[in-house]
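Enquirer: what follows is a predicted structure for the sequence shown.
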Amino acid sequence: MYSFDPTEEQQMLLEAVGKYAANDLRIAARDAEEGGQLPGKIVSKGWEIGLLQASIPEVYGGFGERSAVTGVLAVEEMAFGDLAGALAVITPSLFAMPLLLAGSEQQKQTYLPKIVEGEWSPYTAALIEYAYDFDPNALRTVATIKGDEYILTGEKAFVPFARDAETILVYASLEGKTQGFIVARSSAGLSISEEREKLMSLNALPMFRVKLDSVRVPTTDRLGGASGHDFAPILAAMRVATAAAAVGVANAAFEYSMNYAKDREAFGVKIAQKQAIAFMLAEMRTEIEASRLLTWEAAWKLDQGKEDDFTEAYLAVTGAADMAMMVTDRAVQILGGHGYIREHPVEMWMRNGRGFTMFTGLAIV
Amino acid sequence: MPIEFEAPKPVVQTQFVLKTVAEEMMRSNSRYFDEHEHEIPWDYIEFIHTAMKAMGVGSLAPKDKGNGHGNGSEEKERRPSISYQLLAAQIEMLAWGDVGMYLVTPGGGLGAAAVQAAGTPEQKSKFLERFSGEKPTLAAMCMTEAGAGSDTASIRTRAVLDEKTNEWVLNGEKIFVTSGDKALSEYEKLGRGFIVVWASIDPSAGRAGMRAFVVEAGTPGVRIVKLERKMGIRASDTAAISLVDAHVPYDNVLGSPTVEKTTSGFKGAMATFDATRPLVAASGLGVARAALEFLKEKLTENGVQIRYGLPRQKLTSVERDVIDMEIMLKSAWLMVIKAVWMADNKRSNVLEASMSKIKAGDACTKITQKVVEILGPLGYSREFLAEKWFRDAKITDIYEGTGQINRLVVARQILGYSGKELR
């Protein structure tokens, strides 16, 4: 049967996330972006809502079960508050979720309880590489087998909280296949850039380059153990999360520009009363709904293990990225000159909006 | 129930059955009826009528209306109805076969939908029973006039009550009546149909004076003036109908006959649209799916693989186009599903119905245009159906509310504006 209603449990979670997004993330967003730093307690407050904790079974210290549908609902809501803040809150998932999905029993027991039972701590992952044609399935960072070790060489980019992280999940190409490796930051040959990444947006999220120069990783620290893992489910989980974040940011821009248009007068009427503006808003709302539903369906297919789930996750994020660019661009346009001024948030959302074609790797559900 | 995208079993079953019908009865005759406009696809009409009876599907008209306006207690099921979901799936599949032929599927069509949306329980049973009869039967909706398209409130057809005979007397001319000929003209193979005519009982009352009248086939004074020649959907007749002193029984007015200072009559028309817009959207998406599947077949034949999962920068232009089309088609379909699911659950779906129509109108026109483009001379040639689907698809963005009218509906909904505040 079809149904479009979140469960009661999901609604309660969304309410909590919604409050946090509106009262904490959104309020802090501009200063955080300008100052390059999120307020101290905001991340731990978001962590306490327990998004990740609720995805991890009790045996590994959590109190729930992973649901991609719940994940995309929550990520959308959080990104509606602020993208950089949302990504910061869920950074530990970048490490924990692949372990849950593909880790060996020993890896799960070693790391998951430590992560979910404590305070927010900077466990992170390194997927993205600094290349115009970056492809998560064809990484330039390479792992080779040498005895009972892997040797990792290459450079990763956009790694959140890498300087603070004790342990990083590094993705590298092993015999042409993308595999995860649990790498201690203190490993010989691993170096992290002094300077943070300088990007068009997400200034509040500290991200770094990570260089690997013949870093040795024991077989047991390959994600899934010696036999490795399938990367496709992890990538799909990243894609639906990124799609959900795109929907959240687009919805923020839509709502803000709609309220502005209802308030702003020109030629004796509210500009929202002009079809030129009203039609833009109608299309923005329609396209947001289209992407949201495709993202939901992709997440639902992941949960159900449907045959075409990975393809649909790809379609969802591809569509959502285009949609977010269109919607955020129009939001700035509706505010006109004011949209271009940094006193309003729409220009920031437009800068966010351009990123979703390359943000896969920064979120996972 | 939690968020779920599993099609209900009856939907899957009906899709399975109708796929064969679409292939055997429709697709194979698509070109013939496109090139022989105004010929009637009798084989299809009779076959689908028998098949639907066998399936216990009386007609393609929904068994129950959504939108919370009507009395849903006729159905004693405790589970939420899935009749609109079923209908959307059936329509999509038949339109995938041939949308022009789908439009002549016997059953109530838009005429019955209007009775469902605005009629009393007595009227529903009186007028809708015929669709489960022995002979295939059609009904039609007469809204548009030469001077009133999307601006339905400026309809000039008049209905005056003749108090001596207690009959309504209708005068005016209607155009663009889908299946008007099959609903009105006498054909031996068809049962007696009707048209639903929107007319004003009080022009000074504007929208409040609008009412819908069931006009039976054979009513004196009602005449087909013209059958249009169209860009596409040529298997479906589009009639111009004149009404000259047409007498209609008093009880054939749908809903309340008294003019109150409300717009309930007009709202009746609009409620019909909430129910039918997602269904029209579904028909457009059937055409779009046919075109996209055909393109993918041809690409495969020519050794072109779509490499899903690659970053945009690495895709060829054709791959990007195909992926974009799939995104459009899938998400538009989900919007249709959500809109009909809401109707089935008796939730107001004004916003969702119009959004699904906007999205489907955009998706099916863009997809069919792109498919012709990518196929080049093969796409443009009448040897294949791509060019026909291109012509067929365009109407989706026009009838049952143009894309622009639906944008206006959506804008008013999200902004909370009245028709006066946002014209």
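Expert: Here it is on my side, so go on. None of the values given here were measured: they were computed from a predicted structure.

Enquirer: quick one: mean pLDDT for stretch B:136-151?
Expert: For stretch B:136-151, mean pLDDT rounds to 91.

Enquirer: and the end-to-end length of it?
Expert: From its first residue to its last, stretch B:136-151 covers 33 Å (Cα to Cα, to the nearest Å).

Enquirer: cool, stretch B:379-396 as well?
Expert: Distance across stretch B:379-396, first residue to last, is 20 Å (Cα to Cα).

Enquirer: ok, stretch B:234-253 next?
Expert: With Cα to Cα as the measure, stretch B:234-253 spans 32 Å from end to end.

Enquirer: what residues of it count as buried?
Expert: Using 16 or more other Cβ atoms under 10 Å in any protein chain shown as the test for burial, stretch B:234-253 gives B:234-243, B:246, B:248, B:252-253. Where C-beta positions appear, they are placed from N, C-alpha and C, glycine not excepted.

Enquirer: when you check those against the strands, which ones overlap?
Expert: In strands, defined here by DSSP state E, the members of the buried residues of stretch B:234-253 are B:238-243, B:246, B:248.

Enquirer: check the gap between B:R211 and A:I271 for me.
Expert: Using Cβ to Cβ, to the nearest Å, one gets 37 Å for the distance from B:R211 to A:I271.

Enquirer: more neighbours: which of those two?
Expert: Taking other Cβ atoms under 10 Å in any protein chain shown, B:R211 and A:I271 do not tie; B:R211 has more neighbours (27 against 19).

Enquirer: for residue 159, what are phi and psi?
Expert: Picking chain A for this. Per-residue torsions, A:V159: phi -100, psi 110 (degrees, to the nearest 10).

Enquirer: the chain in question should be chain B.
Expert: When read as degrees, to the nearest 10, the backbone of B:A159 gives phi -130, psi 120.

Enquirer: quick check, it in contact with B:E167.
Expert: No - the criterion here is Cβ atoms under 8 Å, and B:A159 misses it with B:E167 at 10.1 Å.

Enquirer: show me the helices in the stretch 251-400 of chain B, by range?
Expert: Secondary structure of the stretch 251-400 of chain B by DSSP state H, counting those that start in this stretch: the helices cover B:264-301, B:317-344, B:350-375, B:377-380, B:386-393.

Enquirer: er, the stretch 251-365 of chain A actually
Expert: Along the stretch 251-365 of chain A, the stretches classed as helices by DSSP H, counting those that start in this stretch are A:275-304, A:309-335, A:337-340, A:346-355.

Enquirer: please name the nearest non-neighbouring residue to B:P278.
Expert: Closest residue to B:P278 apart from its sequence neighbours, by Cβ to Cβ, 6 or more residues apart in numbering or on different chains: B:A339 at 3.8 Å.

Enquirer: how near is that neighbour to A:L73?
Expert: According to Cβ to Cβ, B:A339 and A:L73 sit 20 Å apart.

Enquirer: and the two? which has more neighbours close in?
Expert: Taking other Cβ under 10 Å, B:A339 and A:L73 do not tie; B:A339 has more neighbours (32 against 25).

Enquirer: so which of the buried residues of stretch B:234-253 reach chain A?
Expert: Among the buried residues of stretch B:234-253, no residue lies close to chain A (Cβ under 8 Å from any Cβ of the partner chain).

Enquirer: spell out which parts of the stretch 51-200 of chain B neighbour chain A.
Expert: Contact residues, the stretch 51-200 of chain B versus chain A (Cβ under 8 Å from any Cβ): B:82, B:85.

Enquirer: ok, whichever residue of the stretch 51-200 of chain B sits closest to chain A - contacts?
Expert: In the stretch 51-200 of chain B, the residue that lies nearest chain A is B:Q85 (6.4 Å; Cβ to the nearest Cβ). Contact partners of B:Q85, counting by Cβ atoms under 8 Å, 6 or more residues apart in numbering or on different chains, are A:2, B:8, B:11, B:337, B:340-341, B:344.

Enquirer: out of the residues you listed, who's the most crowded?
Expert: B:V340 (30 neighbours).

Enquirer: what pLDDT does B:L60 get?
Expert: pLDDT, B:L60: 52.

Enquirer: shaky segments in the stretch 51-200 of chain B?
Expert: For the stretch 51-200 of chain B, applying pLDDT under 70 flags the ranges B:56-79.

Enquirer: can you pull out the helices in it?
Expert: B:83-102, B:109-118, B:121-128, B:180-184.

Enquirer: now the shortest one: buried residues?
Expert: Just to be clear, that refers to helix B:180-184. So, applying 16+ other Cβ under 10 Å, buried residues of helix B:180-184: B:180-184.

Enquirer: how many residues are close by A:K114?
Expert: Per other Cβ under 10 Å, the neighbour tally for A:K114 reads 16.

Enquirer: repeat for A:M200
Expert: Residues within reach of A:M200, counting by other Cβ under 10 Å, total 10.

Enquirer: quick one, what contacts B:V409?
Expert: Contact analysis of B:V409 by Cβ under 8 Å, 6+ apart lists B:350-351, B:354, B:401.

Enquirer: if you rank those by neighbours, which is first?
Expert: Neighbour max across the contacts of B:V409 (other Cβ under 10 Å) = B:S354, 29 neighbours.

Enquirer: that one: what's it in contact with?
Expert: With Cβ under 8 Å, 6+ apart, B:S354 has these contacts: B:277, B:401, B:406-407, B:409-410, B:413.

Enquirer: and with 6 Å instead?
Expert: By Cβ atoms under 6 Å, 6 or more residues apart in numbering or on different chains, the residues touching B:S354 are B:406, B:409-410.

Enquirer: turn those residues into a markdown table, columns for pLDDT and secondary structure.
Expert: Output for the contacts of B:S354, formatted as a markdown table (pLDDT from 0 to 100; DSSP: H, G, I helix; E, B strand; the rest coil):
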| residue | pLDDT | secondary structure |
| --- | --- | --- |
| B:N406 | 97 | helix |
| B:V409 | 96 | helix |
| B:V410 | 98 | helix |
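
Enquirer: nearest to chain A among the residues you listed?
Expert: Of all the contacts of B:S354, B:V410 has the smallest distance to chain A: 3.9 Å, by Cβ to the nearest Cβ.

Enquirer: which residue does the stretch 1-150 of chain A bring closest to chain B?
Expert: Nearest residue of the stretch 1-150 of chain A to chain B: A:S3, at 4.0 Å (Cβ to the nearest Cβ).

Enquirer: that residue and B:I337: what is the separation?
Expert: According to Cβ to Cβ, A:S3 and B:I337 sit 10 Å apart.

Enquirer: with pLDDT added, can I get the buried residues of stretch B:234-253 in CSV?
Expert: Putting the buried residues of stretch B:234-253 into CSV (pLDDT from 0 to 100) gives the following:
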residue, pLDDT
B:R234, 97
B:A235, 97
B:S236, 97
B:D237, 97
B:T238, 97
B:A239, 97
B:A240, 98
B:I241, 98
B:S242, 98
B:L243, 98
B:A246, 98
B:V248, 97
B:N252, 95
B:V253, 93
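
Enquirer: all strands for chain A, in order.
Expert: A:2-3, A:124-126, A:142-146, A:149-160, A:167-174, A:177-184, A:190-192, A:207-218, A:265-266, A:269-270.

Enquirer: quick one on the thing from earlier: please identify which of the helices of the stretch 51-200 of chain B is closest to A:F95.
Expert: Counting by Cβ to Cβ, A:F95 lies closest to helix B:83-102 out of these; the figure is 41.4 Å.

Enquirer: got the CA positions of that closest one in CSV?
Expert: Taking Å, rounded to 0.1, in the frame of the first residue of the first chain, the C-alpha atoms of helix B:83-102 are listed here in CSV:
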residue,chain,number,x,y,z
SER,B,83,-10.1,3.4,-6.2
TYR,B,84,-8.4,6.6,-7.3
GLN,B,85,-5.0,4.8,-7.0
LEU,B,86,-6.3,2.0,-9.1
LEU,B,87,-7.8,4.4,-11.6
ALA,B,88,-4.5,6.3,-12.0
ALA,B,89,-2.6,3.1,-12.6
GLN,B,90,-5.1,1.9,-15.2
ILE,B,91,-5.1,5.2,-17.0
GLU,B,92,-1.3,5.4,-17.0
MET,B,93,-1.1,1.9,-18.6
LEU,B,94,-3.8,2.5,-21.2
ALA,B,95,-2.3,5.8,-22.1
TRP,B,96,1.0,4.0,-22.4
GLY,B,97,-0.8,1.9,-25.0
ASP,B,98,-2.4,4.8,-26.8
VAL,B,99,-3.7,7.9,-25.1
GLY,B,100,-6.1,8.8,-27.9
MET,B,101,-7.7,5.4,-27.6
TYR,B,102,-7.7,5.5,-23.8
